[in-house]
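the sequence and its predicted three-dimensional model are supplied below.
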Amino acid sequence: MAVAHVPHEKPVDPPVGDQEEYGMITPGHTYGSVTQKIADSVMRRPISWSWLGMVAFFGMLLGVMLGTVVWIVLMGVGVWGINIPVAWGFDIINFVWWIGIGHAGTLISAILLLLHQGWRTSINRFAEAMTLFAVACAGLYVSIHIGRHQYLYWLFPIPNTMGLWPQFRSPLAWDVFAVSTYATVSALFWYVGLIPDLATLRDRATNPTLRKIYAIACLGWRGSQRHWHRYTALYLLLAGVSTPLVLSVHSTISYDFAVSLVPGWHSTIFPPYFVAGAVFAGFAMVLILAIPLRAFYHMKDLITMKHLENMAKVMLATGNVVFYGYIMELFFGFFSGNEYERYMTVNRMLGPYAYSYWALIFCNGIATQILWFKKYRTHIPTLFIVSVIVSIGMWFERFVIIVTSLHRDYLPSSWGMYHPTFWDWSLYVGTMGLFTTLFLLFIRVLPSISIAEMKELIHHEEQHGSH
Amino acid sequence: MLKKEESPIYGVTAEYDSPEALMAAAERARQAGYVKMDAYTPFPVEGMSHALGIRDKWILILMLIGGFIGCLNGWLLQYWGSVASYPLNIGGRPLISWPQMVVIMFEATVLTSALTGVFSMIILNGLPQPYHPMFNVPGFERASQDRFFLCIEGDDKKFDLQDTMNFLSGTGALRVAEVAK
């Protein structure tokens, strides 16, 4: 006995082109058109040769990673270039590099949400995915660098017959808690955000198997207001707990260095400057991913120039915090009056690894200054190149901190050099394969932009007018 | 007391094309005396909870409790490990002191409160729920896309199939339909 006023129809709002616009979203988008656009990029888009080619290439790198992991487990970490005095090499450099990249995702999803930054909406989903994949790469490094891999579980406080516990005084034990909490909470945050979108995909799926998969994944979400009420409360509170969490994670990682007595590590500036560096590197990676994503998937109307420019501004600001950190380190080195600190500072600038120090200063301190100009902030090739330079620069930062501090510390008779081997490089390149392969799969099976939040944004813009 | 006869259908639903229309209808329904109703929307509509009279603070309370439990557990774990179970004398330093405990207590707080929050949301919402009567409504697949539904449930005291349908038809709905159980 249904009183039908309107016949059933599929949403048929006219598609909005992806021309370059400056606003949070190109005007003309409706609830239907955004849904269709984002959902179709997952469900209706045929698999392209370029995507397959990229999966093949990065999948090959992933294979390199797996091969290297097998080799390291068989032969031990001696296949790397690490030795005394430089016992931390690429493993820790890349662990810190990867986990730092992850920080931008949480910053975008949590901190910018609390600060009511509407522009986070179209970039948070894939930035969160990037966080998870970067943390996966970092996790691989920590689990493999321990040498005796069969004792990996010793990292966790599991009651055992030996009656042993992790050393709770050690920042390395804190690190385990910080990184595992970070990985868990990021995954939860990401999944909670995905639930309504999975329901949308379920409702748009034509293939019954696909429909079932999405229906299971979204837990039977039906958009009930009673559910939304708890959902929005949870989302906000998760953002609230993630905000101090993201600041704590890289601070804790910096304690791994700062709590020790190695010249160049024992410094109070480490926690804030590590956090800023993490956000800096993370935004560079978000830009590296966003620029091709919006071009290939025709998302220029959703990830607009405004988003890119705002990310460039965050990059400039955090980059300058990091640069300030470098200058303060120089100051500390000379002002400390400590011979070892002073020698370490001179050695960084003029010693055998001087090239890495100057590369770092150029990449992180000087190259980003171009972003002061709006002309370059909104020039996509420049932005992309600067982001790549920053990623390289942040890698050098960790190289400088770890290698140049360790290779010449207190006793000249135990000085030495560090030379990464083939297996160091192959694992590093391999983790890039893992990261990119996961990302490529992600953009094919899940909406890379939050559909529900985009509609909220449209609703908000309609009510308050766009600015 | 006479038990109210169980309604043979789940309720009556009306479909709207904008959150504003839905909000206006929900407010009118409340004024008309309907209590047991729910809205189904593709995104959380600000003010909708208020219009439907939903006041639920359990997520906040449970996450707070979860956070406290996590914090306490973080302390207990470290105290047990460093003092009770395996005390290690390192250079005569105290077996336990608060600065060493801060990081793990903090991480345990965040982890437990986040896990509590997510599981509370899922459990309190009765998810996962594969079947729900609303999925019978023709065109309901658009509730996750671009349409907004209001459902007055059959258990409501004021519910009367014909009256409620007439009422909803007068609220600017695109379509009004019965919801089979």
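Everything's here; your move. Numbering: from 1, shown residues only, chains lettered A, B, ... in the order given.

only C-alpha atoms from now on, for both contacts and neighbour counts.
OK.

now do the same contact list for the residue nearest in space to the middle of chain B.
Nearest to the geometric centre of chain B sits B:Asn125, at 4.9 Å (C-alpha atoms, centre = their mean). When contacts are counted by C-alpha atoms under 8 Å, 6 or more residues apart in numbering or on different chains, B:Asn125 is found next to A:226-227, A:230.

helix or strand for the spatially most central residue of chain A, which one?
With the centre of chain A defined as its mean C-alpha position, the nearest residue by C-alpha atoms, centre = their mean is A:Gly102, 2.3 Å away. Following DSSP states H and E, the helix or strand that holds A:Gly102 is helix A:90-106.

counting contacts, what elements does that helix pack onto?
Packed against helix A:90-106 by the contact rule (3 or more C-alpha pairs under 8 Å, 6 or more residues apart in numbering or on different chains; DSSP states H and E) you find helix A:124-144, helix A:225-258, helix A:270-296, helix A:380-399, helix A:422-445.

roughly how far does the residue nearest to the centre of chain A sit from A:Ala183?
A:Gly102 is 10 Å from A:Ala183, where distance means C-alpha to C-alpha, to the nearest Å.

just A:Ala317 next, same as before
With distances taken as C-alpha to C-alpha, A:Ala317 is found 26 Å from A:Ala183.

how about the residue nearest to the centre of chain A, nearest residue that isn't a chain neighbour?
Distances taken as C-alpha to C-alpha, 6 or more residues apart in numbering or on different chains place A:Thr131 nearest to A:Gly102, at 3.8 Å, with adjacent residues excluded.

quickly list what's touching both of A:Gly102 and A:Ala183.
Overlap between the contact sets of A:Gly102 and A:Ala183, as judged by C-alpha under 8 Å, 6+ apart, is given by A:132, A:135.

and residue 23, how many neighbours?
Went with chain A since none was named. 17 (other C-alpha atoms under 10 Å in any protein chain shown).

wrong one, chain B
Burial of B:Met23 is recorded as 23 neighbouring residues (other C-alpha under 10 Å).

for it, what are its contacts?
If you count contacts by C-alpha under 8 Å, 6+ apart, B:Met23 has them with B:48, B:51.

which residues of the stretch 51-200 of chain A lie near chain B?
Contacts of the stretch 51-200 of chain A with chain B, taken as C-alpha under 8 Å from any C-alpha of the partner chain, map to A:163-169, A:174, A:177-178, A:181, A:184-185, A:188, A:192, A:196, A:199-200.

do that again at 7 Å, thanks
Applying C-alpha under 7 Å from any C-alpha of the partner chain, we find that the stretch 51-200 of chain A lies next to chain B at A:163-165, A:168-169, A:174, A:177-178, A:181, A:185, A:199-200.

could I get the residues you listed as TSV with secondary structure and pLDDT?
Output for these, formatted as TSV (DSSP: H, G, I helix; E, B strand; the rest coil; pLDDT from 0 to 100):
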residue	secondary structure	pLDDT
A:Gly163	coil	84
A:Leu164	coil	87
A:Trp165	coil	89
A:Phe168	coil	89
A:Arg169	coil	88
A:Trp174	helix	93
A:Phe177	helix	94
A:Ala178	helix	94
A:Thr181	helix	95
A:Val185	helix	94
A:Ala199	helix	92
A:Thr200	helix	92
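
average pLDDT for the one helix or strand A:Ser50 maps to?
A:Ser50 is part of helix A:49-75, with elements assigned from DSSP H and E. Averaging the model's pLDDT scores along helix A:49-75 yields 94.

about what we covered before: okay, the helices and strands packed on helix A:90-106 in TSV with mean neighbour count and distance to B:Ala29 next?
Conversion of the helices and strands packed on helix A:90-106 to TSV gives the following (neighbours: other C-alpha atoms under 10 Å in any protein chain shown; distance: least, C-alpha to C-alpha, whole Å):
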stretch	mean neighbour count	distance to B:Ala29
helix A:124-144	24	37
helix A:225-258	22	15
helix A:270-296	23	44
helix A:380-399	21	52
helix A:422-445	20	40
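
among the ones you listed, which is nearest B:Ser169?
Ranking the helices and strands packed on helix A:90-106 by distance to B:Ser169, with C-alpha to C-alpha as the measure, places helix A:225-258 first at 21.0 Å.

work out the gap between the closest one and the centre of the chain.
Put simply, helix A:225-258 sits 15 Å off its chain's centre (C-alpha atoms, centre = their mean, to the nearest Å).

and if you look at stretch A:109-125?
On the basis of C-alpha atoms, centre = their mean, stretch A:109-125 is displaced by 15 Å from the centre of the chain it belongs to.

measure that stretch end to end?
For stretch A:109-125, by C-alpha to C-alpha, the gap between its terminal residues amounts to 8 Å.

swap in stretch A:340-360?
Counting by C-alpha to C-alpha, you get 22 Å between the two ends of stretch A:340-360.

buried sites along the lengthiest helix in chain B?
In chain B, taking DSSP state H as the definition, the longest helix is helix B:98-124. For helix B:98-124, the buried set under the neighbour-count rule, 16 or more other C-alpha atoms under 10 Å in any protein chain shown, comprises B:101, B:103-122.

next: stretch A:107-115.
A:107-113.

ok, of the residues you listed, which one's closest to B:Ala29?
Of all those, the one with the least separation from B:Ala29 (C-alpha to C-alpha) is A:Leu113, at 33.2 Å.

backbone phi and psi for that closest one, please?
Here the main-chain torsion angles of A:Leu113 (degrees, to the nearest 10) amount to phi -70, psi -50.

wait, B:Ser18 touches B:Asp146, no?
No - under the criterion of C-alpha atoms under 7 Å, B:Ser18 is not in contact with B:Asp146, lying 8.0 Å apart.

kindly list the main-chain dihedrals of B:Arg175?
Backbone torsions for B:Arg175, taken as degrees, to the nearest 10, come to phi -160, psi 140.

wait, doesn't it sit right on B:Thr13?
No - if you go by C-alpha under 7 Å, B:Arg175 and B:Thr13 don't touch, sitting 8.3 Å apart.

the two: which has the busier surroundings?
Ranked by neighbour count (other C-alpha under 10 Å), B:Arg175 and B:Thr13 place B:Thr13 first, with 27 against 20.

who's in contact with the nearest residue to the more buried one once chain neighbours are set aside?
Spatial nearest neighbour of B:Thr13, chain neighbours left out: B:Cys151 (4.1 Å); criterion: C-alpha to C-alpha, 6+ apart. If you count contacts by C-alpha atoms under 7 Å, 6 or more residues apart in numbering or on different chains, B:Cys151 has them with B:11-14, B:37-39.

helix/strand/coil for B:Cys151?
Following DSSP: H, G, I helix; E, B strand; the rest coil, we place B:Cys151 in the strand state.

so it bridges to which residues?
According to DSSP bridges, the partner residues bridging B:Cys151 are B:Thr13, B:Asp38.

mind checking how far it is from A:Thr243?
Distance check for B:Cys151 against A:Thr243: by C-alpha to C-alpha, it reads 37 Å.

quick one: the strands in chain B?
Listed in chain order, the strands found in chain B under DSSP state E are B:11-16, B:37-40, B:148-153, B:175-179.

mind putting those strands in a markdown table, mean pLDDT included?
What follows is the strands of chain B, written out as a markdown table (pLDDT from 0 to 100):
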| stretch | mean pLDDT |
| --- | --- |
| strand B:11-16 | 88 |
| strand B:37-40 | 89 |
| strand B:148-153 | 89 |
| strand B:175-179 | 85 |
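
switch those over to TSV; also include distance to A:Leu411.
Listed next are those as TSV, based on distance: least, C-alpha to C-alpha, whole Å:
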stretch	distance to A:Leu411
strand B:11-16	77
strand B:37-40	70
strand B:148-153	73
strand B:175-179	81
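
and of these, who's closest to A:Tyr340?
strand B:37-40 (66.6 Å).

can you name the residues in contact with that closest one?
Outside strand B:37-40, the residues that touch it by C-alpha under 7 Å, 6+ apart are A:222-225, B:143, B:148-153.

and those residues, which two are furthest apart?
With distances taken as C-alpha to C-alpha, the most widely separated pair in the contacts of strand B:37-40 is B:Ala143 and B:Glu153, at 17.2 Å.

since that was my last question, I'll sign off now.
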